[in-house]
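Novice: Next input, structure requested:
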Amino acid sequence: MPFNLPILLTWLRIVAIPLLIAAYYLPPGWVTQHERDLAATLLFCAAALTDWADGYLARKLNQTSAFGAFLDPVADKLMVAAALIVLVQLGRADAIVAMIIIGREITISALREWMAKIGAAKSVAVSMLGKVKTTAQMLALPMLLYYDTLAGFDMKEVGNWLIWIAALLTLWSMGYYLRMAWPEIAKRSAEK
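Specialist: Residues are numbered from 1 along each chain as shown. Modelled structure (predicted):
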């Protein structure tokens, strides 16, 4: 297993997951709800920044690796899933939204792995639609973690709209990826 700065940042993102969750399990007298929300939001935002930084540094420092390419999306999906589960438990996100987003991530990850195995990975390469979905999701999650007004901006209201938009884009992008992979799926099914 290679170890370099980009991989360290990815590991730090994974380590941030239990810290984000732990913020909501601190004893009641230790911190206020606002302090918990702020701590979780800052951890999530820092993790999102490391996601950008590890990819940038891997390319800039020529430290890309197969292990880093594997670990990076795993860390992303774990962080998003953890945040969604916390938000559902807090009543800030609907369970159907969490199921759509987490289910899509599992489905598309498995599809990409299978397509890579049969040599057709380009069929399910990241699309602009997937990037827009990720952007909506990564804006919505910290807003719902914070769940308060910030400088007159209602994070709760905007976050709720964005998470539903992200869920719809999630379904749309899943349909897109499945449609792109369908010729290979049909071909492999016909061969059996």
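Novice: How are the strands of this protein distributed by residue range?
Specialist: 149-150, 153-154 (DSSP state E).
Novice: Format the ones you listed as TSV; extra columns: mean pLDDT and distance to residue 81.
Specialist: For every residue, glycine as well, the C-beta is placed using N, CA and C. As requested, those are arranged in TSV below (pLDDT from 0 to 100; distance: least, Cβ to Cβ, whole Å):
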stretch	mean pLDDT	distance to residue 81
strand 149-150	88	25
strand 153-154	90	26
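Novice: So which residues of this structure form helices?
Specialist: 5-22, 33-60, 66-89, 95-117, 128-146, 155-191 (DSSP state H).
Novice: Name the stretch among those helices that sits most buried.
Specialist: Mean neighbour count (mean count of other Cβ atoms under 10 Å) peaks for helix 128-146 among the helices of the chain, with a mean of 20.
Novice: Any chance of a markdown table for the helices of the chain, columns mean pLDDT?
Specialist: A markdown table is the format used below for these (pLDDT from 0 to 100):
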| stretch | mean pLDDT |
| --- | --- |
| helix 5-22 | 93 |
| helix 33-60 | 92 |
| helix 66-89 | 92 |
| helix 95-117 | 91 |
| helix 128-146 | 92 |
| helix 155-191 | 89 |
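Novice: In contact with residue 6, which residues?
Specialist: 53, 54, 55, 57, 58, 61, 63, 64, 68 (Cβ atoms under 8 Å, 6 or more residues apart in numbering).
Novice: 7 Å instead?
Specialist: Taking Cβ atoms under 7 Å, 6 or more residues apart in numbering as the contact definition, residue 6 lies against 54, 57, 58, 63, 68.
Novice: what does stretch 44-63 contact?
Specialist: 4-6, 9-10, 12-13, 16, 20, 64, 68, 72, 76, 79, 83, 138, 141-142, 145.
Novice: With just CA atoms, put that stretch into PDB.
Specialist: Listed next in PDB are the C-alpha coordinates belonging to stretch 44-63 (Å, rounded to 0.1, in the frame of the first residue of the first chain):
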ATOM      1  CA  PHE A  44     -17.800  17.800   6.800                       C
ATOM      2  CA  CYS A  45     -16.500  20.900   5.000                       C
ATOM      3  CA  ALA A  46     -12.900  20.100   5.800                       C
ATOM      4  CA  ALA A  47     -13.400  16.600   4.500                       C
ATOM      5  CA  ALA A  48     -14.900  18.000   1.300                       C
ATOM      6  CA  LEU A  49     -11.800  20.200   0.900                       C
ATOM      7  CA  THR A  50      -9.500  17.200   1.400                       C
ATOM      8  CA  ASP A  51     -11.400  15.500  -1.400                       C
ATOM      9  CA  TRP A  52     -10.500  18.300  -3.800                       C
ATOM     10  CA  ALA A  53      -7.000  18.600  -2.400                       C
ATOM     11  CA  ASP A  54      -6.000  14.900  -2.500                       C
ATOM     12  CA  GLY A  55      -6.900  14.700  -6.200                       C
ATOM     13  CA  TYR A  56      -5.200  17.900  -7.100                       C
ATOM     14  CA  LEU A  57      -2.000  17.000  -5.100                       C
ATOM     15  CA  ALA A  58      -1.900  13.500  -6.600                       C
ATOM     16  CA  ARG A  59      -1.900  14.900 -10.100                       C
ATOM     17  CA  LYS A  60       0.400  17.900  -9.300                       C
ATOM     18  CA  LEU A  61       3.000  15.800  -7.400                       C
ATOM     19  CA  ASN A  62       2.600  12.900  -9.800                       C
ATOM     20  CA  GLN A  63       1.600  10.600  -6.900                       C
END
